[in-house]
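J.: Fold the following for me, if possible:
(chains A and B)
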Amino acid sequence: MDFDDFYRDTARRLARYAYGLTGDPVEAQDLVQEAYARAWQRWRRLSGYDDPEAWLRLVVNRLSADRWRRLGIRRARAAAEPPPPTVSPPSEDLVLLVRAMRDLPEKVRRALALHYLLDRSIADIATETGATPNTVKSWLFRGRTLLAAALEDTATRPKEGARRAR
Amino acid sequence: MPADLDELFTALSRQADAIPLAGVEQARQRGRQRRTRGRAVLAAAAVVLVIAGTGLAVNRPHPEPEPLLPATNPARLRGMAPVGEPLRIADGRIWNNTRIAGDRVIGFSADGNGGHETVALDARTGAVLWRITGTDSYYRGVATTPEAVMLLRELPEDPEGDIKAPAGRILEIHDPATGAKKWELPHASFDQFVLHVDVLVRLVEETTAIEGYDLVSGRKLWTVPAGVVPPAGDAVIAPPPRLISGMRVEADGGSGADGHTFALAAPDVADAVPFTDDRLVDMNRAGRITIRDIRTGKVQSTAQGHPNAEQLTAYEGTIYTETRVGNAFAITAPATVIYQSREPWSYDRYFPCGPGRVCVPESRAITEERQEARILMIDAKTGTVLRTTGAVPRYGDNSVRLGHILTSGTGEKATTLYDENGQARYSDFGVGGFVDDGNALSMTQNAGDRSYKVRGVSNIDFQKVELGEIPEISGRCDWDEKILTCPTGQELWIWRFNR
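T.: Predicted structure coming up:
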């Protein structure tokens, strides 16, 4: 497979995944570019993998996982490259969802992103994460309940919700 | 609500699909730059243009003593004030790292060509003491002890090589007084290190030999040759053939679940806290434990632990491992299983929380709307659960001072301080840790200008004091009982605590 074709076929999905993990479009853009830069370096070997897209997600997981590292990304990106085109602002509900996602444990957030943003089955997620299907189910259940609670909480406190959204 | 969530995720997908991507050519270009420069970390890709607005960032310390709160011992943090002027770096550069080395603050900046600029400041005045630069290849960050400044250099990757193979690295050890390079240690990224105040120990992953070096001079003090490595069995993920750990003692404060010094592999994101105790623990896959004098490598005692351990840590004479029993995670001390995770509780990282005590944070969803968390305190000899207390759901680092637990990470709240009875006495959304036995620090980011509010939290009466606000940071901060130092883009700041 050609690298350009691979990028064209997978970049949009990887952006979804990165956005689901980070909740930050600028950070998601940067993670996607960095993951493909690393993929390009190793393309000869990577192109022989059964699922090179899973390797990209692994890179995104690692880059996005560290709280301290994330703190510097915006600034580093702002210095290194011209500003990317802006994204239209999300609705208030989406802002609340993104904020609630950020507070979830990394494994739960990853499972939700794979399931709801990439339409991966529980069996697929289990294979990718090395967990059992039951564990994946519990992550998804836990994620949904925590998100529902967070959204319910903000719905019953509209003033605070509006304040958070700003 | 679930139906609403489905709709929200659909909307989130649409929003993600609208994110503009830079395109394949820019990815290729970035890949070429990485190949040329041997660079491996996103944060270092920074620095070719001026960072606008850094100088305008707020800095509103609260130097006035707080008169209402009573005195504590150790004295309460009551404010902080800048030490000198922030050190500005040249246009097109940012500070990536800052670390404290005795009376010096070491600032680190990776440059656009993969090299570095490292500067030492007098922590009392902010004056520049020395400055060194390197242009060889990608420098990842700096770690320090009072006696050593350690720069981690990554060698260029072989783009055609096996991506699972370890990366080549060099640890450069410099003199904190002059910046002069004293010695260097080439190694591989899978090697493990234990950083002691006087000795650097390396476990060579490829051979499983262990080497001890004098930290200041680089003289090799001792070598333990590779032992016989038992087969990995039928485990899906083979447990490591050998593990090493320093012996953490209560006075050191920190108590992570890993006994080796992870910060020497990732100094950009982790802080290296040197071990002060002279005992080194090593354990092979068969569970054979050997305790040595870290200065000589001589065997002091041996013991039998649980085989196939995946993680090793030692605290106040007790050796803990993490392993698997069936599909469940288990903690052993050293051969006895003292904890085993059980559904529906989800297990987070354990941590020693006192001599002969280990604490295990757990969490579970109890209803469709609530998550419950708890911390088990377990007797390391018997596995008896001594205490179960409610906890604030969160995942991350843990440390203990005066029997009080401080957890910091992500979750419903980021930082929580528990008293000796396990009751949560303070929580906020910041990142932080202990400053000394009497105080903790928490830094909370403001959503608007991304600056940080710095709070001191008493570990005696759990009262908080707002110490000040600092600009948005561009890398990991460091602190001790006297100062806080942070990289904030083009400026490197030092603040002195008022008590």
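J.: quick one: average pLDDT of stretch B:329-349?
T.: Stretch B:329-349 shows a mean pLDDT of 87.
J.: now check it, is it near chain A?
T.: Yes - using CB under 8 Å from any CB of the partner chain, stretch B:329-349 reaches chain A at B:343, B:344, B:346. (C-beta placed from N, C-alpha, C; glycine too.)
J.: Adding secondary structure, distance to residue A:58 and neighbour count, write those residues out as JSON lines.
T.: Converted to JSON lines, the residues of stretch B:329-349 next to chain A look like this (DSSP: H, G, I helix; E, B strand; the rest coil; distance: CB to CB, whole Å; neighbours: other CB atoms under 10 Å in any protein chain shown):
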{"residue": "B:343", "secondary structure": "coil", "distance to residue A:58": "26", "neighbour count": "12"}
{"residue": "B:344", "secondary structure": "coil", "distance to residue A:58": "28", "neighbour count": "13"}
{"residue": "B:346", "secondary structure": "strand", "distance to residue A:58": "22", "neighbour count": "21"}
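J.: In the stretch 201-350 of chain B, what residue comes closest to chain A?
T.: Using CB to the nearest CB, the closest approach of the stretch 201-350 of chain B to chain A is made by residue B:269 at 4.7 Å.
J.: Now that residue. Its backbone dihedrals?
T.: Phi and psi for residue B:269, reported as degrees, to the nearest 10, are phi -120, psi -10.
J.: Just give me the neighbour total for it.
T.: When neighbours are defined as other CB atoms under 10 Å in any protein chain shown, residue B:269 has 23 of them.
J.: separation between residue B:360 and residue B:239?
T.: 20 Å (CB to CB, to the nearest Å).
J.: Those two: who's more crowded?
T.: Counted by other CB under 10 Å, residue B:360 and residue B:239 do not tie: residue B:360 has more neighbours, with 23 against 19.
J.: Check the burial of residue B:303 by counting its neighbours.
T.: 14.
J.: Settle this for me: residue B:220 is touching residue B:212, isn't it.
T.: Yes - between residue B:220 and residue B:212 a contact is recorded at 7.3 Å, counting by CB atoms under 8 Å.
J.: Of the two, which one has the most company?
T.: Using other CB under 10 Å as the criterion, residue B:220 and residue B:212 rank with residue B:212 on top: 24 against 12.
J.: Packing partners of the host helix or strand of the more buried one?
T.: Assigned by DSSP states H and E, residue B:212 falls within strand B:210-214. Counting contacts by 3 or more CB pairs under 8 Å, 6 or more residues apart in numbering or on different chains; DSSP states H and E, strand B:210-214 packs against strand B:199-203, strand B:220-224.
J.: where does chain B have low pLDDT?
T.: Counting by pLDDT under 70, chain B has low-confidence residues at B:1-3, B:32-68, B:112, B:157-165, B:232-237, B:253-257, B:367-370, B:394-396, B:409-413.
J.: What segments of it are helices?
T.: Secondary structure of chain B (DSSP state H): helices at B:2-17, B:24-37.
J.: Please identify the deepest-packed of the ones you listed.
T.: Comparing those by mean neighbour count (mean count of other CB atoms under 10 Å in any protein chain shown), helix B:24-37 comes out on top with a mean of 18.
J.: Give me the neighbour count for residue B:293.
T.: Using other CB under 10 Å, the number of residues around residue B:293 comes to 15.
J.: again, but for the one 4 residues further on
T.: Counted by other CB under 10 Å, the residues lying close to residue B:297 total 17.
J.: I'd say it and residue B:224 touch.
T.: Yes - applying CB under 8 Å as the test, residue B:297 and residue B:224 come out as touching, 5.8 Å apart.
J.: which residues are in contact with both of those two?
T.: Overlap of the contact sets of residue B:297 and residue B:224 (by CB atoms under 8 Å, 6 or more residues apart in numbering or on different chains) consists of residue B:210.
J.: what comes up buried for the strand holding residue B:212?
T.: By 16 or more other CB atoms under 10 Å in any protein chain shown, the buried positions in strand B:210-214 come out as B:210, B:211, B:212, B:213, B:214.
J.: got a list of contacts for that strand?
T.: For strand B:210-214, the surrounding residues in contact (CB under 8 Å, 6+ apart) are B:185, B:198-204, B:219-224, B:242, B:244, B:280, B:282, B:294-297.
J.: just those that are near chain A?
T.: By CB under 8 Å from any CB, no member of these lies near chain A.
J.: Buried ones among these?
T.: For the contacts of strand B:210-214, a neighbour count by 16+ other CB under 10 Å gives the buried set as B:185, B:198-204, B:221-222, B:224, B:242, B:244, B:280, B:282, B:294, B:297.
J.: how about the helices of chain A, start to end?
T.: In chain A, the helices defined using DSSP H lie at A:3-22, A:25-41, A:43-46, A:52-65, A:67-71, A:73-80, A:92-102, A:106-112, A:122-129, A:133-156, A:158-165.
J.: Is any residue of the fourth one near chain B?
T.: The reference is to helix A:52-65. Yes - Helix A:52-65 reaches chain B (CB under 8 Å from any CB) through A:55, A:63.
J.: Contacts made by that helix with the rest, please.
T.: By CB under 8 Å, 6+ apart, helix A:52-65 touches A:6, A:10, A:13-14, A:17-18, A:21-22, A:27, A:31-32, A:34-36, A:38-39, A:46, A:49, A:69-70, A:106, A:110, A:114, A:128, B:42, B:163.
J.: one more time with 7 Å
T.: A:6, A:10, A:14, A:17-18, A:21-22, A:31, A:34-35, A:38-39, A:46, A:49, A:70, A:106, A:110, A:128, B:42 (CB atoms under 7 Å, 6 or more residues apart in numbering or on different chains).
J.: Now it: buried residues?
T.: By neighbour count on 16+ other CB under 10 Å, the buried set for helix A:52-65 is A:52, A:53, A:55, A:56, A:57, A:59, A:60, A:61, A:63, A:64.
J.: so how far is stretch B:335-352 off the chain centroid?
T.: With CA atoms, centre = their mean, to the nearest Å as the basis, stretch B:335-352 stands 22 Å off its chain's centre.
J.: ok, now stretch B:355-365?
T.: The answer for stretch B:355-365 is 20 Å, by CA atoms, centre = their mean.
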